[in-house]
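*Asks:* With the sequence up front, the predicted model follows.
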Amino acid sequence: MTRYDLETLVDRSAMGSSKWEAMASGADLAGIDLAAQHERCGGAIAPFSVADLDLAHPPEITEALQRAITGGLVLGYTVPTASYLDAVRTWMRRRHGWEVDPEWVRVTPGVISAFTWAIREFTAPGDGVIVQTPGYYPMYRSISSSDRRLVRNPLVERDGRFRLDLELLEQQARDPRTTMLLLCSPHNPTGRVWERGELTELARIVEENDLLLVSDEIHADLTQPGHRHSSILTVAPQLAGRTLVLTSPSKSFNLAGLQIANAIIPDAGLRDRFTAVRDDLGFDNPNVLGAIACHAAYTRAEPWLDEVNELVGRNHALVREVLARRLPQARVADLEGTYLQWIDLRGLGLDAEQLQRVHTCEAFVFADEGPLFGPEGEGFVRLVIATPTSVLEAALERLCTAYLRALEVDARAA
C-alpha cells in the first residue's frame, strides 16, 4: 500500500527548472516543435537528464516549510541549530550505522562546491586527483578549473557490472604528484554501490600512499534491495584524519534548489581549514529554508524516500524487460544504487552523433549522453528513472522504435 503519489508527472516547464529549460533549448536548436510532440505523445515528454525529480515533494517537507513561513520565521542569517545537527547525526546512525559527532558537520550550499573547495585547499596546482571513470562530470570541471590534473581510474565492466580497478589505482596512487582521491559512492553514472571489501582495499591504498580522500556520498540513501551503502569511515575508521565525507538530502528528497549539504570532517585540522575557505567565500550561513527542509526530511520523510526507492526498482525492471524484448543489442547495467540508469548502446553500432540525433530528434528523449561522463562513456546513455512509470514506458517505446528505424537506415545504406 503506497502513501504517496509518485505516478503523476509535475510539469516544470514554467518553473525555471534547469533541465526543462535545457530540453526546450535543445528542441529549439534541433528544430523540434516540442509542444506539438508533447501533445502527440499524450503529455509523456519529459527530460531524463539532470538528476532531480519531476515528482511532488514529500508533504512532510512542504508542511514544515509552510509552518515555518506562516509561523513568522524571519528569513535572516542563520546557523545550524542543535536540532538540525541532531537530525543529521540520527539519520546517519539509523540509515547508515555511522556515529557522527555533530562537531564534525560543516554545512555547505552543495556537494560540488564542497569538493571544489577541498581540491583547492588540500592540493597544489599541478597535483593529480584520481577519479573513477566514467565519472560525475562536475568533478572533471572542478579539477581542471583548479589547475589540477585529472587522473582517470577507469572502471572495469563485466556482464553489466562495473568494478574498481584496484591494481591500476595502486599504481596511480604511488605517484608522489598525485595527492587526492575523489570518490563517488554510490557511483554516478554506473549505479554501483561499492562493497565493503572493495572499500577496504581502496582505503588501504589511500593510507599507504598518503592520499587525501574526499568521498561524495550524495546518493547514499538511494539503494536497491540486496545492496547497502557503507560510508567509507564505517569501513575504514583509520582514515578519519585524511577524509572528508560529503552528504546531502538533495538527491534523496529532491531539494537541490534549496542548496543544503553537509561536509562531515572528523579531523579538527582539516575541518578548520575547510571552514576557513567556506567562510572566506561568504558561505558561513546556511540557507534557512534548506536547513528546515533537511531537518524535516531526516526526521519525518523517510517513508517517502522508501517509496521512491521502490519506484526506482520497478522502473529498473521495466527498462530491462523492454530493452531485452525490443532491443537485445542494448545492455542495461545493474542498478544497485542511485536512480540513474546506465545503458550500453555500443552493440547498435551507431556513433555518438547518431545516438544523440536518435534520442533528441526522433525519440524526443532528452537524456545525458555517455561522452559527457568522459571517453569511457562513449556509446552509453544515462537516464533518470525516478519518474512516473507510464512516462518512462512511453519514452522507452519511442527509443526502441527510433533505434530500430536508425538501424534499418544504416542497413540500407550499407
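*Replies:* Nice, thanks for sending it over.
*Asks:* does D368 count as helix, strand or coil?
*Replies:* Put simply, D368 is strand when judged by DSSP: H, G, I helix; E, B strand; the rest coil.
*Asks:* Rounded mean pLDDT for stretch 92-109, please.
*Replies:* On average, the pLDDT along stretch 92-109 is 98.
*Asks:* Contacts only, for I119.
*Replies:* Taking Cβ atoms under 8 Å, 6 or more residues apart in numbering as the criterion, I119 is in contact with 129, 142-143, 146, 148, 180, 182, 214. Bear in mind the C-beta positions are built from the backbone N, C-alpha and C, glycine included.
*Asks:* so what pLDDT did it get?
*Replies:* According to the prediction, I119 has pLDDT 99.
*Asks:* Can you report phi and psi for it?
*Replies:* With angles defined as degrees, to the nearest 10, I119 sits at phi -60, psi -50.
*Asks:* What ranges does the chain have for its strands?
*Replies:* Listed in chain order, the strands of the chain (DSSP state E) span residues 105-108, 128-133, 149-154, 156-158, 161-163, 178-184, 212-216, 243-247, 261-264, 331-332, 340-344, 368-369, 380-384.
*Asks:* any chance of these in CSV, with distance to G191 and mean neighbour count too?
*Replies:* Output for the strands of the chain, formatted as CSV (distance: least, Cβ to Cβ, whole Å; neighbours: other Cβ atoms under 10 Å):
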stretch, distance to G191, mean neighbour count
strand 105-108, 25, 22
strand 128-133, 13, 24
strand 149-154, 16, 18
strand 156-158, 12, 12
strand 161-163, 8, 17
strand 178-184, 11, 24
strand 212-216, 15, 24
strand 243-247, 18, 26
strand 261-264, 21, 25
strand 331-332, 10, 20
strand 340-344, 6, 24
strand 368-369, 13, 22
strand 380-384, 9, 25
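*Asks:* so how far is the first residue of stretch 220-239 from its last?
*Replies:* For stretch 220-239, the first-to-last residue distance is 19 Å (Cα to Cα, to the nearest Å).
*Asks:* how about it: buried residues?
*Replies:* Buried residues in stretch 220-239, defined by neighbour count with 16 or more other Cβ atoms under 10 Å: 220-224, 227-236, 239.
*Asks:* Tell me which two in those residues are the farthest apart.
*Replies:* Spanning the widest gap among the buried residues of stretch 220-239 are Q224 and L239, at 26.5 Å by Cβ to Cβ.
*Asks:* what's the closest of the buried residues of stretch 220-239 to P154?
*Replies:* P154 lies nearest to I232 out of the buried residues of stretch 220-239, by Cβ to Cβ, at 20.6 Å.
*Asks:* I figured that closest one hits L183, correct?
*Replies:* Yes: the pair I232 / L183 is scored as a contact, 7.0 Å apart, by Cβ atoms under 8 Å.
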